[in-house]
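Visitor: Fold the following and give me the result.
(one chain, ligands or ions: 1)
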Amino acid sequence: MTDTQRPAAGTQALTLVEPTVTLRDAFLDMAEDYRLHGGGDIDGAFELFPHDFPGYIRQLLGNSYIRDSRGARVPATTYWLFRPGDGMLLGVSRLRHHLTPALKHEGGHIGYSIRPSERRKGHGKRILELTLEKARDFGIHEVLVTCDTANTGSARIIQTNGGVFENEVISERTRNPVSRYWITLS
Ligand SMILES: CC(C)(COP(=O)(O)OP(=O)(O)OC[C@H]1O[C@@H](n2cnc3c(N)ncnc32)[C@H](O)[C@@H]1OP(=O)(O)O)[C@@H](O)C(=O)NCCC(=O)NCCS
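Guide: The predicted model follows:
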């Protein structure tokens, strides 16, 4: 990794944790941030919130899959970006364990989001970097990461993490241009 690719100072201590009921208050605080400022939910990560929190966690851990944009079922693992210093949750990522045709077209292996009040501090670069380490643990070595072409912040995050641009496609869901990048993990 070169100096320009290195995560911003202060982001190194961050860690990914799997969803747990013990972080309920931190999760509710993050969800409130999204509710107030809007934008950036991943695969409906906050859909069941806050009515049945233990049930939500059970669903994320036990029956862990998402539906892709064509309705196919894909195993997936959700991670929360955790800052040990103050116990704050800063974002969410989701690793889809394999690509369906729809994910290969536009969704990719990894989705990520940083809570609105903590954006532009390097956390986006860090959450993708840490989720790529999880992908490697799952034996995924060619990782597809995509973003709306207009999402310049996300494109920077992917490029910083070694993404090699393959092409641009039109989203079947939104009709927006989507950029597709591959990241090779050693
Ligand atoms: C996209 C997103 C993850 C960026 O998170 P972040 O923590 O602000 O990103 P970072 O601080 O690591 O910034 C990465 C780079 O993008 C740039 N950037 C971030 N947001 C930007 C924006 N809105 N406009 C232009 N550039 C932006 C940063 O300046 C930085 O650039 P640099 O490499 O030149 O230093 C965040 O805005 C978000 O959660 N958006 C909603 C969900 C989403 O779009 N997810 C990605 C698609 S899966």
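Visitor: Could you pull up the residues touching the residue nearest the centre of the chain?
Guide: Central residue of the chain (C-alpha atoms, centre = their mean): Tyr112, 1.9 Å from the mean position. By C-beta atoms under 8 Å, 6 or more residues apart in numbering, the residues touching Tyr112 are Ile42, Gly91, Val92, Ser93, Arg94, Gly124, Ile127, Leu128, Thr131, Ile157. Where C-beta positions appear, they are placed from N, C-alpha and C, glycine not excepted.
Visitor: what bridges to it?
Guide: Tyr112 has these beta-bridge partners by DSSP bridges: Ser93.
Visitor: how far away is it from the ligand?
Guide: Distance of Tyr112 to the ligand, given as C-beta to the nearest ligand atom, to the nearest Å: 5 Å.
Visitor: Repeat that for Arg180.
Guide: 12 Å.
Visitor: One more: Val21?
Guide: 24 Å.
Visitor: swap in Gly153?
Guide: From Gly153 to the ligand the distance is 3 Å (C-beta to the nearest ligand atom).
Visitor: How much space separates the residue nearest to the centre of the chain from Thr78?
Guide: Distance of Tyr112 to Thr78, given as C-beta to C-beta, to the nearest Å: 11 Å.
Visitor: joint contacts of the two?
Guide: Val92, Ser93, Arg94.
Visitor: In JSON lines: those residues, plus neighbour count and pLDDT.
Guide: Formatted as JSON lines, these follow (neighbours: other C-beta atoms under 10 Å; pLDDT from 0 to 100):
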{"residue": "Val92", "neighbour count": "27", "pLDDT": "94"}
{"residue": "Ser93", "neighbour count": "24", "pLDDT": "95"}
{"residue": "Arg94", "neighbour count": "20", "pLDDT": "94"}
